[in-house]
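**Q** Need coordinates for the below:
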Amino acid sequence: MLETVEFFLTATAVRAIQGTDLSHMRSILTRFRLATEH
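**A** Numbering: from 1, shown residues only. As a prediction, the model looks like this:
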């Protein structure tokens, strides 16, 4: 589980650095936060 989370965060960070639009990033982070709260 943790390995998947780390991979997900790394991939997200790489995409952000490459210029993925921020609204998309925000929706991903919101979804991730909701997933971790439950």
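**Q** going forward, measure contacts and count neighbours with C-alpha atoms only.
**A** Fine.
**Q** ok, now how distant is Thr36 from Glu6?
**A** In this structure, Thr36 and Glu6 are separated by 13 Å, where distance is defined by Cα to Cα, to the nearest Å.
**Q** Low-confidence stretches in the chain?
**A** 1, 19-21, 38 (pLDDT under 70).
**Q** Show me the helices in it, by range?
**A** For the chain, the helices defined by DSSP state H cover 2-17, 22-37.
**Q** Including mean neighbour count, could these go into a markdown table?
**A** As requested, the helices of the chain are exported to a markdown table (neighbours: other Cα atoms under 10 Å):
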| stretch | mean neighbour count |
| --- | --- |
| helix 2-17 | 12 |
| helix 22-37 | 11 |
